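> Return atomic coordinates for the entry below.
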Amino acid sequence: IRKLQTAGVDYVVIHCRRRTDKHNGDADWDSGRKIVAAFSSEFIVLNGGISDYDDAIRVMEQTKCHAVMAATGYLRNHRRFSAPSKT
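All right, here's what the predicted structure looks like:
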């Protein structure tokens, strides 16, 4: 990530699963949290294992990442990413 900082990147996306896991198993959010803590001055986006809106909020709260990226969960059912109604 240091080399990316020097190159001037705006943000870094970290996928919190091993390549062999693909879309299965739990994401390693503890490792994601450690990366965010180590590079707190950078804009870090975490990905992997985010199936709905609640997962996205939980990951951001637990890891202090700046944003999350979801793919498979969103493609399976995009309505699960709507914020809960405040009524």
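> and the most centrally placed residue in the chain, what are its bridge partners?
The structure's the chain has its C-alpha centroid closest to Leu46; by CA atoms, centre = their mean the separation is 2.1 Å. Assessed by DSSP bridges, Leu46 has beta-bridge partners Ile14, Val68.
> ok, it - contacts?
Val13, Ile14, Cys16, Trp29, Gly32, Val36, Val59, Thr63, Cys65, Ala67, Val68, Met69 (CB atoms under 8 Å, 6 or more residues apart in numbering). Glycine gets a C-beta too; all of them are placed from N, C-alpha and C.
> show me what contacts the nearest residue to Gly49 once chain neighbours are set aside?
Once flanking residues are discounted, Gly49 sits nearest to Ala27: 3.2 Å by CB to CB, 6 or more residues apart in numbering. Neighbouring residues of Ala27 by CB under 8 Å, 6+ apart: Cys16, Arg17, Gly48, Gly49, Ile50.
> you'd agree the first one is up against Val36?
Pointing back at Cys16 there. No. Using CB atoms under 8 Å, Cys16 is not in contact with Val36; the gap is 10.6 Å.
> so Val13 makes contact with Phe43?
No. Judged on CB under 8 Å, Val13 makes no contact with Phe43 at a distance of 9.7 Å.
> Secondary structure class of the residue nearest to Thr63 when sequence neighbours are not counted, three-state.
In space, and not counting its chain neighbours, Thr63 is closest to Arg33: 4.1 Å by CB to CB, 6+ apart. Secondary structure assignment for Arg33 (DSSP: H, G, I helix; E, B strand; the rest coil): helix.
> What is the neighbour count of Arg33?
Look at Arg33: counted by other CB atoms under 10 Å, it has 17 neighbours.
> and it, what is it in contact with?
Arg33 sits next to Gln62, Thr63, Lys64 when contact means CB under 8 Å, 6+ apart.
> now swap in Phe43 and tell me
Asp10, Tyr11, Val12, His66, Ala67.
> any idea how far it lies from Arg79?
Noted for Phe43: a distance of 28 Å to Arg79, by CB to CB, to the nearest Å.
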